[in-house]
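Undergrad: Sequence first, predicted coordinates after that:
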Amino acid sequence: MKERRYHQDKLVLTIRVLASLAWLSLIAWQVIIWLAAPEQSTIIARYHELELREYWLEKWVNRLPWALGVCTLFTLAALFCSPFRSRRKSDPKRIHLLFLLAITLFGFWFYWAKIATNLAV
């Protein structure tokens, strides 16, 4: 069958932009977790008797749900736009968006189960 699509339309471009922004916001979420998490005790830190922070930094922890929310919104928007454009069997299935949605749902669980409960103590 002859392919009639010679160039990408605006909907495909929108799906790709939303998916890219979702992945970038997930990377931002991971950076925020790295900045907010308590410091790890290593052999070098113990040898030099360095003081380590043993608590989560609230300044960064307060930004975690926002970063996850942005990631979830971009993912859901891309998943919502996808069926309007992908009608052929040869069209990409965009499974990576389902993986991203699962990762963000796990991130919300991790935030509420582990981090938010530790801040309340």
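TA: All right, it came through fine.

Undergrad: got the buried residues for stretch 65-72?
TA: Counting neighbours by 16 or more other CB atoms under 10 Å, one finds that the buried residues in stretch 65-72 are 65, 67-68, 70-72. The C-beta positions use only the backbone N, C-alpha and C, and glycine is treated the same way.

Undergrad: Can you lay out those as a markdown table showing pLDDT and secondary structure?
TA: As requested, the buried residues of stretch 65-72 are exported to a markdown table (pLDDT from 0 to 100; DSSP: H, G, I helix; E, B strand; the rest coil):
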| residue | pLDDT | secondary structure |
| --- | --- | --- |
| P65 | 88 | helix |
| A67 | 87 | helix |
| L68 | 89 | helix |
| V70 | 90 | helix |
| C71 | 89 | helix |
| T72 | 91 | helix |
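
Undergrad: of the residues you listed, closest to L52?
TA: Each of these was checked against L52 using CB to CB; the closest is A67, at 25.0 Å.

Undergrad: Would you mind listing where this structure has pLDDT under the threshold?
TA: Along the chain, segments meeting pLDDT under 70 span 1-8, 83-93, 118-121.

Undergrad: The most centrally placed residue in it - nearest residue in space that isn't next to it in sequence?
TA: By CA atoms, centre = their mean, the chain has its centre lying nearest to L26, at 2.3 Å. Excluding its sequence neighbours, the residue lying closest to L26 (CB to CB, 6 or more residues apart in numbering) is C71, at 5.0 Å.
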